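In: structure, please.
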Amino acid sequence: MIEVIGLKGISQIEAKDDIGKLIVTAFHDNDVVIKPYDILCVASKVVSVAEERQVLLSSVQPSAEAMKIHQQVPRKDARLIQLMLNEIDDASAQLTISEKFIGARLPNGLFLTSAGVDKLDSQSAILLPRDPDRSAKRIAETITRLTSVPVSVVITDSDGRPDKKGATQVAIGVYGLTPMRSAETLCDMVAAAAGLEMGQRDAGIPVAIVSGLKYQFDTNAKITDALN
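Out: The predicted structure follows:
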């Protein structure tokens, strides 16, 4: 049986916090016994906060290109659009724009709504972790060091689609979990399952455990294994 367990009590993350240590503390606070090869799904936003990926919007000056896109999608702050352009500053990057959707192909190959840029509050925005696979590895290794239990970690992000309303959770970084299983994008299936417990940011549950799933444990796995 596959079980999804949301961990409460770790929503208040600050810069330079050790996410792995906070998760281990949450195991005790939630009376959870972690099992070998359980999968920890961690919201990218709390990882980004810990890794100091916050940006003051007052420090962002929109370019002419950002202002032009803002005219197409006026609901989107021009400063956020500029941050998106900064994130995809690569010859191979692509930006997809419609009346209700902005999506970007990042230099690492991932295609995400708003290039993963999100508004934290009226004064600041948050960018994705620089290397989500590395973030996942660091969290997993800390948990294993403190508990002596091998685990996988999936860094998740809320993502929308141009053809559907709302959002779901997708994987943007992995450690331990092989992203593909036959023709299934297993990492995204796990991320979406965890999203049932994690919800959106206001739910205050940035970490969930997916327990009981049979999969190939591979410490060399990386998110690009799932990309075309």
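
In: what about the residue of the chain most remote from its centre, distance to residue 139?
Out: Here the chain reaches farthest from its C-alpha mean at residue 64, the gap being 29.5 Å by C-alpha atoms, centre = their mean. Relative to residue 139, residue 64 is positioned 40 Å away (C-beta to C-beta, to the nearest Å). Heads up, the C-betas are built off the backbone N, CA and C, glycines and all.

In: re the thing from before, for the residue farthest from the centre of the chain, phi and psi?
Out: Reported as degrees, to the nearest 10, the phi and psi values for residue 64 are phi -60, psi -40.

In: with residue 172 instead?
Out: The phi/psi pair for residue 172 (degrees, to the nearest 10) reads phi -120, psi -10.

In: tell me who's in contact with it.
Out: Applying C-beta atoms under 8 Å, 6 or more residues apart in numbering to residue 172 gives the contacts 44, 110, 112, 116, 128, 132, 155, 156, 157, 223.

In: please parse this protein into its domains.
Out: Domain assignment for the chain by automatic domain parsing gives 3-52+129-226, 54-126.

In: ok now the last one, how far from the chain's centre?
Out: In this case it means domain 54-126. In terms of C-alpha atoms, centre = their mean, to the nearest Å, the centre of domain 54-126 is found 17 Å from the chain centre.

In: what's the first-to-last distance across that domain?
Out: Domain 54-126 has its terminal residues 5 Å apart, counting by C-alpha to C-alpha, to the nearest Å.

In: mean confidence score for it?
Out: Domain 54-126 carries an average pLDDT of 90.

In: tell me which stretches of this structure form strands.
Out: For the chain, strands defined by DSSP state E occupy the ranges 3-7, 39-43, 54-56, 94-98, 101-105, 111-113, 118-119, 124-126, 152-161, 164-177, 180-181, 184-185, 207-211, 217-218.

In: select the longest helix from this protein.
Out: As assigned by DSSP state H, the longest helix anywhere in the chain is helix 132-147.

In: how big is the angle separating it from strand 164-177?
Out: 50 degrees (axes from the mean of the first three to the mean of the last three C-alpha atoms, to 10 degrees).

In: any idea of the angle helix 132-147 forms with strand 39-43?
Out: Counting by the same axes, to 10 degrees, helix 132-147 lies at 130 degrees to strand 39-43.

In: how about helix 132-147: buried residues?
Out: Taking 16 or more other C-beta atoms under 10 Å as the neighbour-count basis, helix 132-147 is seen to contain the buried residues 132-133, 135-144, 147.

In: and the nearest residue to residue 41 once chain neighbours are set aside, what pLDDT?
Out: Distances taken as C-beta to C-beta, 6 or more residues apart in numbering place residue 194 nearest to residue 41, at 3.5 Å, with adjacent residues excluded. Listed pLDDT for residue 194 reads 98.

In: next up, the contacts around residue 194.
Out: Residues in contact with residue 194, defined by C-beta under 8 Å, 6+ apart, are 4, 41, 154, 156, 169, 208, 210.

In: what's the burial count for residue 67?
Out: For residue 67, the count of nearby residues is 12 (other C-beta atoms under 10 Å).

In: brain fart, residue 60
Out: Residue 60 has 18 neighbouring residues, counting by other C-beta under 10 Å.

In: please tell me how far the residue lying closest to it once chain neighbours are set aside sits from residue 176.
Out: Distance criterion C-beta to C-beta, 6+ apart; nearest residue to residue 60, sequence neighbours excluded, is residue 79 at 4.1 Å. As judged by C-beta to C-beta, residue 79 and residue 176 stand 37 Å apart.

In: same deal with residue 39?
Out: Counting by C-beta to C-beta, the separation of residue 39 from residue 176 is 8 Å.
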